[in-house]
Structures are given as C-alpha cells and as structure tokens.
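>>> My questions concern the predicted model and sequence given below.
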Amino acid sequence: MSDIEPTTQQLTNALLAGRAEEVRQSTNAALAGGSTPNEILDALVDAVNIVVDLHEVGEYDQGRVDAVENAVGSCLQVIEDRLAVAEGKFNIKATTGPIGLKAGNLLSMAVSASLRSAGFRSVNLGKSQTPLELLRNSEELGADLVVPLLSSEEVEKQLQTFTEAVERGGFKTKFGVIPVAPGLPETIQTSFMIARNSSEAISKATEWALKRQSQNRAK
C-alpha cells in the first residue's frame, strides 16, 4: 500500500509535465509496485482533468497540451495488453468524443481508456466535433453507447443542442447516450442519463451495461 500511492503521484506529476519517458517509467513502476490498471487510469484521469481545466482558462498552451497527449499515449501503451483483456467483459461498443471542448481529444483518450478497463470496446473519436458529426460517426462504427464530452462553458446550451441533434436524427433508438456535462445544475431535467465528470461517466456506463445484459438474458 505504501508503495502504490507515491508511485501513482509520480505518474500524475509526470503527466502534468508532459514528460513521456518519465510517464512510461512511472507506469511500469506503479504496476511493479502493485497498482492496478484502474488505479493507474484514475491517476491519468485526474491529471487530464487538471490539464483540460488549465487549458480552458489559458494556463496551458497548445504545445503543453500536445506534450501531455504524448505522455498519456506512453502510459496507455504500457497497459495496452491489460486493456485489451478487460474490454472483452461486455460485448458492447462505446464511442467517446468531445463537443466544443478545448483539449477535448486529451480527455476523450482518458475516458475511452477507462471505459476499456471497465469492460467496453471503446473507440476515441478524437478532436472536437459537432453533435451531428459525433452521432453519425458513432452510428457508422456500430456503437451501442455514446459518451459525448461537453464543455462546462454554456453547458446547458450545449446539452440542448446535442439533445436536438439526437432527436432530429432519430438516434435515440440506435444507441444509449450518456453525456458528460460538467457543471450542469441538478435541477435540469433531461431525457438522458447525465454524468457530471469522467468518473461518474464510467460508473453510469457500467450501470447501463449491466442493466442491458440483464435485459438481454431475460429475453
């Protein structure tokens, strides 16, 4: 236990600094020290959320964000074999992608990896897209679940625009949708299961998958 927390803290620090080789070493050290892939991904998601927030307010420029993306890629390469095994738990394909979110690809990488670790065959759709682009790309990939990542800036307006795109395009019958809508007031009523951060998105996606499995077995 004493080895795990300092090692994942080193990983977080290396990710924040965008030092890819140090991230690779810290990830290997964390695994050797007994950390699970989920604990490593928790550290990764924590770091990514910090970077996304700092980029939103202008504290991290694009060059630093690109360096962090490379560092995240180094971390994920180390645990790829474990993710490949874990993603077979549910026979469910998920897609993640940012809508109007700066540094969105970075967050989408982290959320997609966490979904894989939770048991989903998850695909990161990359840089920021319009709601319709995200939905159409997800449909083409045969997604069962779509996890759009919204910005906290004008989040209510973004969610409304996304909801309209789902309804106009008839996507509601094609796959499940769990938007990540940071800062959305609790009083807002939606037709979707909403997550307010990355961790909640993984939890709700898992809940959705287990419910779907149960319904399929009942048929």
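Great, that's in hand.
>>> Not counting its neighbours along the chain, what's nearest the spatially most central residue of the chain?
Note on the chain: the residue nearest the mean C-alpha position is residue 111, at 1.4 Å, using C-alpha atoms, centre = their mean. Setting aside the residues directly before and after it, residue 111 is nearest to residue 96 in space (C-beta to C-beta, 6 or more residues apart in numbering), at 4.8 Å. All C-beta atoms are positioned from the backbone trio N, CA, C, and that covers glycine.
>>> For burial, what's the neighbour tally of that neighbour?
By other C-beta atoms under 10 Å, 33 other residues sit near residue 96.
>>> and the helix or strand encompassing it, which strands flank it?
Assigned by DSSP states H and E, residue 96 belongs to strand 93-99. Here strand 93-99 has these sheet partners by DSSP bridges: strand 121-124 (parallel), strand 145-150 (parallel).
>>> ranking these by burial, who's on top?
strand 145-150 (a mean of 27; mean count of other C-beta atoms under 10 Å).
>>> Return the alpha-carbon coordinates of it using PDB.
The C-alpha coordinates for strand 145-150 follow below in PDB (Å, rounded to 0.1, in the frame of the first residue of the first chain):
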ATOM      1  CA  LEU A 145     -23.300   3.500 -26.300                       C
ATOM      2  CA  VAL A 146     -22.100   7.100 -27.000                       C
ATOM      3  CA  VAL A 147     -20.400   9.200 -24.400                       C
ATOM      4  CA  PRO A 148     -20.100  12.800 -25.600                       C
ATOM      5  CA  LEU A 149     -17.900  15.200 -23.600                       C
ATOM      6  CA  LEU A 150     -19.300  18.700 -23.200                       C
END
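>>> What residues of the helix or strand just after that strand count as buried?
On the C-terminal side of strand 145-150, the closest following helix or strand by DSSP H and E is helix 155-168. Residues 155, 158, 159, 161, 162, 163, 165, 166 are the ones in helix 155-168 that count as buried (16 or more other C-beta atoms under 10 Å).
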